[in-house]
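[1] Below are the sequence and a predicted model for it; my questions follow.
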Amino acid sequence: MGFPDRISYSSWMSFRSGCQWRWKLDVCDGLRSNNFGIHLDFGTAIHAAIEHYRTRKDPISIQDALDWFEITLRNLHEDHSPNYREKEKTAKVDDFVKQGRAIIKDLDNCLELRDAEIIYNEHPLRLPIDRSDDLNVDFKGFIDMVIKWKDGRGNPVLYIVDFKSCSWGWDGDKRRDRDLHAQLFLYKHFLSKEFNLDPKEIRCAFILLKKRPPKGVCAVEFFPVSAGPVSVQRALDEMNSDLTDMKKRFDEGTLKKNREFCTSPFGDVCPYLNTDKCPKE
């Protein structure tokens, strides 16, 4: 297949923070295989339910959203559970159904989301990345939600929102993770570019969907992220620098294998490990 003509945030991070050789096999060689897991299926189901409940066109009722989530998750679980990793095959889908229903019931307790005007759901992005060389690569992504809300002075502003499922929330390190924030920074840059918007009028936030929040804590948290011009430009510069490194290593055949990622902290084993694509050295 060759060097890709587009890159997403997740693809960039797989090169930047993961194994460059697996990135090459997945992206450049087109060998990426499907991953299955109860947490992935939960994320798919909860995103779909929220999208249909909080939408500009033909929103469904909260009860319909609850039903949509449960039916979707149970169907996904039935189809995918034989392919889950071993530790997830024993997970009880009823527990995840209960957690997801609690999140949906708490959506309207998140004031920022309850009072917002929905502009877009799952807004697609595909725009060229500005570079000083002849490497032509587009940035590709999907923004979970674009909403119109208000700033501290009550003035309307656009918020780029990305939903993140989690267990109880995020600790301080994750809330300060620059690589994680870079997703929103890139979305802000390319949305501004697409519609010729003033970046000052666009803000960014994650919405945390907590499966097991502490007692008395809302399961839905609006977590704003400061996305000033310096932060946005740094994310662009870092992505462009990595793109240069990607292309150079791809052309030279010097992409690195990171053996720390052969097995994940969750017990997942790289599908290429000890195969002809990545033999034991």
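    That came through, no problem.

[2] Where do the strands of the stretch 1-150 of the chain begin and end?
    Secondary structure of the stretch 1-150 of the chain by DSSP state E, counting those that start in this stretch: the strands cover 6-7, 117-128, 138-150.

[3] Make a markdown table from these and add mean pLDDT to it.
    Supplementary listing: the strands of the stretch 1-150 of the chain in a markdown table, determined by pLDDT from 0 to 100:
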| stretch | mean pLDDT |
| --- | --- |
| strand 6-7 | 97 |
| strand 117-128 | 97 |
| strand 138-150 | 96 |
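
[4] Pipe the ones you listed into TSV and attach distance to residue 240 per row.
    C-beta coordinates here come from the backbone N, C-alpha and C atoms, glycine included. TSV is the format used below for the strands of the stretch 1-150 of the chain (distance: least, Cβ to Cβ, whole Å):
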stretch	distance to residue 240
strand 6-7	10
strand 117-128	12
strand 138-150	10
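
[5] how many neighbours does residue 10 have?
    Residues contacting residue 10 under the criterion other Cβ atoms under 10 Å number 9.

[6] quick one, what contacts it?
    Residue 10 makes contact with no residue, according to Cβ atoms under 8 Å, 6 or more residues apart in numbering.

[7] Could you measure from it over to residue 26?
    Residue 10 is 10 Å from residue 26, where distance means Cβ to Cβ, to the nearest Å.

[8] buried sites along the least confident helix or strand in the chain by mean pLDDT?
    Every helix and strand of the chain was ranked by mean pLDDT, DSSP states H and E. The lowest is helix 86-89, at a mean of 88. Residues of helix 86-89 classed as buried: residue 88 (neighbour count, 16 or more other Cβ atoms under 10 Å).

[9] Over to stretch 202-219?
    Buried residues in stretch 202-219 (16+ other Cβ under 10 Å): 202-211, 213, 219.

[10] Tell me where the stretch 151-281 of the chain has strands.
    With DSSP E, counting those that start in this stretch as the criterion, the stretch 151-281 of the chain has strands at 156-166, 202-210, 220-225.

[11] Nearest to residue 39, out of the ones you listed?
    The closest of those to residue 39 is strand 156-166. By Cβ to Cβ, the value is 7.0 Å.

[12] Against which helices or strands is the closest one packed?
    In terms of contacts (3 or more Cβ pairs under 8 Å, 6 or more residues apart in numbering; DSSP states H and E), strand 156-166 is packed against helix 38-53, strand 138-150, helix 178-195, strand 202-210.

[13] among these, which is the most enclosed?
    Of the helices and strands packed on strand 156-166, the one with the most neighbours on average (mean count of other Cβ atoms under 10 Å) is strand 202-210, at a mean of 22.

[14] what pLDDT, on average, does that one get?
    The average pLDDT for strand 202-210 rounds to 97.

[15] What of stretch 55-68?
    On average, stretch 55-68 scores 95.

[16] my guess is residue 161 contacts residue 147, does it?
    Yes: between residue 161 and residue 147 there is a contact under Cβ atoms under 8 Å: 6.0 Å.

[17] which neighbours do the two share?
    Common neighbours of residue 161 and residue 147 (criterion: Cβ under 8 Å, 6+ apart): residue 113.

[18] Where does the prediction get shaky in the chain?
    The model of the chain has pLDDT under 70 over residues 265-266, 281.

[19] who's in contact with residue 73?
    So residue 73 contacts 41-42, 45-46, 93, 96-97, 100 (Cβ under 8 Å, 6+ apart).

[20] And these, which is closest to residue 80?
    Nearest member of the contacts of residue 73 to residue 80, counting by Cβ to Cβ, is residue 41, at 5.9 Å.

[21] Distance of that closest one relative to residue 53?
    Distance of residue 41 to residue 53, given as Cβ to Cβ: 19 Å.

[22] same deal with residue 12?
    Using Cβ to Cβ, residue 12 is found at 31 Å from residue 53.

[23] Surely residue 208 is in contact with residue 168?
    No: at 9.5 Å, residue 208 does not count as touching residue 168 under the criterion of Cβ under 8 Å.

[24] if we look at stretch 19-28, which residues are touching it?
    Under Cβ under 8 Å, 6+ apart, the answer for stretch 19-28 is 1-4, 11, 14-15, 31-32, 246, 249-250, 255-258, 261-262, 270, 272, 277-278.
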